[in-house]
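S.K.: what would the 3D arrangement of this be:
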Amino acid sequence: MPPPSEHTLKQFDADLEAIRSKVLQMGGLVELQIRNAVRGLSTGDADVAEQVIQTDREVNGYEVEIDEACARIIARRQPAAGDLRTVMSISKTVTDLERMGDEAKKIARIAKQILERGQLQLPRLADVNHAAEAAIELLRKALDAYARLDADTAQKLIREDAAIDTEFRAILRQLITYMMEDPRTITTAMDIIWIAKAIERIGDHSKNIAEQLVFIVEGTDIRHTMPSRASTAA
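M.R.: Residues are numbered from 1 along each chain as shown. Model (predicted):
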């Protein structure tokens, strides 16, 4: 079989870059979804929350479009080694972004339920907002590293997810105490716990994106390794 021509290689690179561009567009939309879902909760704006729910279809559309593009590039170009690794990692990254969109929709739906009950004072809302900002910032940094193919930054981001996990556990402990002291707060407190859990999951998916970027650039699978080991894997 003859080696691919220079034109074929350039076309492959162009196709791959187009897919990466779509991934970043999807990531930007997901980041906005998360931010708006939390804003709807914090400000009591049910319209913003509803917009997040409706826009989730657009996030899903990106996932389908990018997966189809990845399938076409595999069928037409038959990539091998590093190129195939890149395509497969892109597909996994898109799955993580879609699931983050689902978490944003979950936050928006719960926010609407809380607002429909007329609940104005929400327990641990400031802590939830702080955790949400940390998760959004982690996603933003992961997307920025993805755009620059910056594996060194990605390795550092993987360790940052632990802080979000710690914040979630603190919120959980505080809300359990809150419910024990006043059982009338159980419904709302459980809603806040589910929102905090969604934020924690968003952090996990952002970490996954960073891990996939390291795999693309370095060819090293650092999933399920300890953070201390991630910094030395390459």
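S.K.: contacts and neighbour counts: CA atoms only from here.
M.R.: OK.
S.K.: which elements pack onto the longest helix belonging to the chain?
M.R.: Scanning the chain for the longest helix, with DSSP state H as the assignment, gives helix 6-43. Secondary structure elements in contact with helix 6-43, counted by 3 or more CA pairs under 8 Å, 6 or more residues apart in numbering; DSSP states H and E, are helix 46-77, helix 81-116, helix 125-148.
S.K.: now those helices as JSON lines including mean neighbour count, distance to residue 173 and mean pLDDT?
M.R.: Below are the helices and strands packed on helix 6-43 laid out as JSON lines (neighbours: other CA atoms under 10 Å; distance: least, CA to CA, whole Å; pLDDT from 0 to 100):
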{"stretch": "helix 46-77", "mean neighbour count": "17", "distance to residue 173": "27", "mean pLDDT": "95"}
{"stretch": "helix 81-116", "mean neighbour count": "21", "distance to residue 173": "20", "mean pLDDT": "94"}
{"stretch": "helix 125-148", "mean neighbour count": "19", "distance to residue 173": "12", "mean pLDDT": "96"}
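S.K.: residue 186: which of these is closest?
M.R.: helix 81-116 (12.3 Å; CA to CA).
S.K.: and that closest one, what does it pack onto?
M.R.: Helix 81-116 sits against helix 6-43, helix 46-77, helix 186-218, with contacts defined as 3+ CA pairs under 8 Å, 6+ apart.
S.K.: which of those sits closest to residue 119?
M.R.: Using CA to CA, the nearest of these to residue 119 is helix 186-218, at 8.0 Å.
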